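**Student:** whatever this is, show me its structure:
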Amino acid sequence: MITALWRALLDLLLPTPCGGCEVTVAPGEGLCAGCRAELARPVPAPELPGLPSAMALAPYTGAPRRAVIAYKERGRRDLATPLAEALAVALGQALPRGPCVLVPAPSRPGAARARGGDHMLRLARTVAAGTDHVVAPVLALSWRARDSVGLDARARAANLAAHLRVRRRADLPAGPRTVVLLDDVLTTGATALACSRALAAAGLPVGLVLVITAVGARRPVVPGGRLPRPRVTRTGAPGVVSSPRERDPAPRPPTRETPARHLPATRPSR
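**Tutor:** Numbering: from 1, shown residues only. Below is the predicted model of the structure:
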């Protein structure tokens, strides 16, 4: 059986697929340049009643979604570094003044053991490494908590209300600091709302909810801001994705050189 140490050594020696698109990347990179760019343009998360200001690195789709699943459920710990780097950049853009208190959203104890540790706590510590940010894992779920997958917003809220608690710590820094709640995915918002309310009741009001991805998030459309993606044409040559009008041009009237095969048959007029 390969131990965790041997697995880490293999990750450093062997090329690995990108966590977002399966392109081969150098050992330890985790994500290719294109997938890193997908996380470099934070977007506002959908506004939800009672939820503090929320920001996501990307919508929960495509390469960002695959990267979150690979990191969270498939043991891709090498993704912690690129994900944390993107979170740190977004955090600096949203809150440029002074250090923060980073509170990772909690995982169920059984899920954390199955994943080899709390994945959001690992991300929070990587974000704070080399900075003045403080990581405060004060939120905890009891072992009786249900898996939130498949639960609607009301069921998630009831599950968290019954099993979420705040563990006060004496080593929290004194003085005003913005409390930032970190999570991987914002779906219904029930988890972020329950965590924010629990922290506020404990004297730690949340100033920002920062997530990797958010369901329903939309990137603003910037005219001329992005070039069309290349695609492969039928001949195998690289082309450019055209608009529907360019792909399906309106039929032109027939000429002597162009037969009228595309026109419906009509009876000659008398």
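**Student:** what are the ranges of the strands in the chain?
**Tutor:** With strands called from DSSP state E, the chain shows them at 16-17, 24-25, 43-44, 54-59, 100-104, 134-135, 139-141, 164-166, 178-186, 206-214, 230-232, 238-240.
**Student:** so what's Gly110 up against?
**Tutor:** Trp143 (C-beta atoms under 8 Å, 6 or more residues apart in numbering). (Each C-beta comes from the backbone N, C-alpha and C, glycine too.)
**Student:** just the pLDDT at it, thanks.
**Tutor:** Listed pLDDT for Gly110 reads 79.
**Student:** nearest spatial neighbour of the spatially most central residue of the chain, skipping sequence neighbours?
**Tutor:** Geometric centre of the chain, nearest residue: Thr213, 2.6 Å, by C-alpha atoms, centre = their mean. Excluding its sequence neighbours, the residue lying closest to Thr213 (C-beta to C-beta, 6 or more residues apart in numbering) is Tyr60, at 4.0 Å.
**Student:** these two touch, right, that neighbour and Thr188?
**Tutor:** No: using C-beta atoms under 8 Å, Tyr60 is not in contact with Thr188; the gap is 12.0 Å.
**Student:** any idea how far His163 is from Thr191?
**Tutor:** Distance, His163 to Thr191, by C-beta to C-beta, to the nearest Å: 12 Å.
**Student:** no wait, Arg144
**Tutor:** 16 Å.
**Student:** what do you get for Ala56?
**Tutor:** Counting by C-beta to C-beta - Ala56 and Thr191 are separated by 14 Å.
**Student:** before we move on, what about Gly216?
**Tutor:** For Gly216, the distance to Thr191 equals 15 Å [C-beta to C-beta].
**Student:** got a list of what Ala37 touches?
**Tutor:** Taking C-beta under 8 Å, 6+ apart as the test, Ala37 contacts no residue whatsoever.
**Student:** what's the distance between stretch 24-41 and the middle of its chain?
**Tutor:** 13 Å (C-alpha atoms, centre = their mean, to the nearest Å).
**Student:** mind naming the longest helix for the chain?
**Tutor:** Taking DSSP state H as the criterion, the chain has its longest helix at helix 80-94.
**Student:** helices or strands next to that one in the packing?
**Tutor:** Here helix 80-94 touches strand 54-59, helix 62-73, helix 119-128, strand 206-214, going by 3 or more C-beta pairs under 8 Å, 6 or more residues apart in numbering; DSSP states H and E.
**Student:** fine by me, thanks again.
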